[in-house]
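[1] Return atomic coordinates for the entry below.
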Amino acid sequence: MAAAADALSGSRLLIAAALPGVLSAVGARGSWLPLGLVAVAALTDFLDGVAARRSAGGPSRHGAVLDNVADLGLVVGCTGAGAVLGLVPAAVPIAIAAAFACYVLASATRTVHEGAWRLARTRLGHAAGVLNYGIAGLVAAAVAAPAPLWQPALDVASLIVVAVNLAAILDRLPAWRGRPR
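    Below you'll find the predicted structure:
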C-alpha cells in the first residue's frame, strides 16, 4: 500500500507540473481539462492518505514529504497561473508558499527539539490547505466555464486564502521558535 500511496502522490506531481501550462494554453477560451485535472489531483490527495494509513508501518517520512510537495506544487502552480491570467492576485500563491515555508521550518525545528521526525501540523494549517485546494478549484472552474460571476467569488476567496495562510504562519511561530504548541 505504501507504493500505491507514493504512486498517487507522484501522479499529483505530474498534474501539478502540467496544470499551469494547461491553464495558460486554455486561457479564456474555456476548457474542462483544468477542472478535471484539479478534481483528479484532489482525489489522489485523499486516496494517498488512505493508502498510506493502511500500509504496513503506516505513513512514511518520504511519503509525507512527497504528499506535501505535490500539494504545494498543485496549489501554487494553479494559483500562480491564475495570477498570470488575472483571476487572482499574486498575493495568493505568495501567501500559500510562505505558509508552506513556515510549515517546513516549524517541522524541522520541532524535529530537532523532540529528537524524532515530527510534522508541525495545526488545525489552522490544515484549514489553509483545504482552502488552497478550494481556490485552485475555483481558478480551474473559472477557466472551464468563463463567466462574469467567477471574479467576485475569486476576489472573496483570494482574501480568505491570504488571510488564513497568514494566520497559519502566525499560528506556527511558537513551533518555529522551538517552543511546543
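[2] Confirm for me that Ala81 is in contact with Leu23.
    Yes: assessed by Cβ atoms under 8 Å, Ala81 is found in contact with Leu23 at 4.0 Å. Bear in mind the C-beta positions are built from the backbone N, C-alpha and C, glycine included.
[3] so where is this protein shaky, pLDDT-wise?
    Across the chain, the ranges flagged by pLDDT under 70 are 1, 28, 56-60, 111, 113, 116-117, 175-181.
[4] quick one, longest helix in it?
    Criterion DSSP state H: the longest helix present in the chain is helix 150-176.
[5] what sits against Ala17?
    Counting by Cβ atoms under 8 Å, 6 or more residues apart in numbering, Ala17 makes contact with 73, 77.
[6] next helix or strand past whichever strand or helix holds it?
    Secondary structure from DSSP states H and E places Ala17 in helix 2-26. The first helix or strand that comes after helix 2-26 along the chain, using DSSP H and E, is helix 33-54.
[7] Could you measure from Ala83 over to Ala120?
    Plainly put, Ala83 is 27 Å away from Ala120 if you go by Cβ to Cβ, to the nearest Å.
[8] What of Ala39?
    Distance of Ala39 to Ala120, computed by Cβ to Cβ: 29 Å.
[9] In terms of neighbours, single out the busier of these two.
    Neighbours per residue (other Cβ atoms under 10 Å) separate Ala39 from Ala120, with Ala120 holding more: 21 against 14.
[10] Done for today, thanks.
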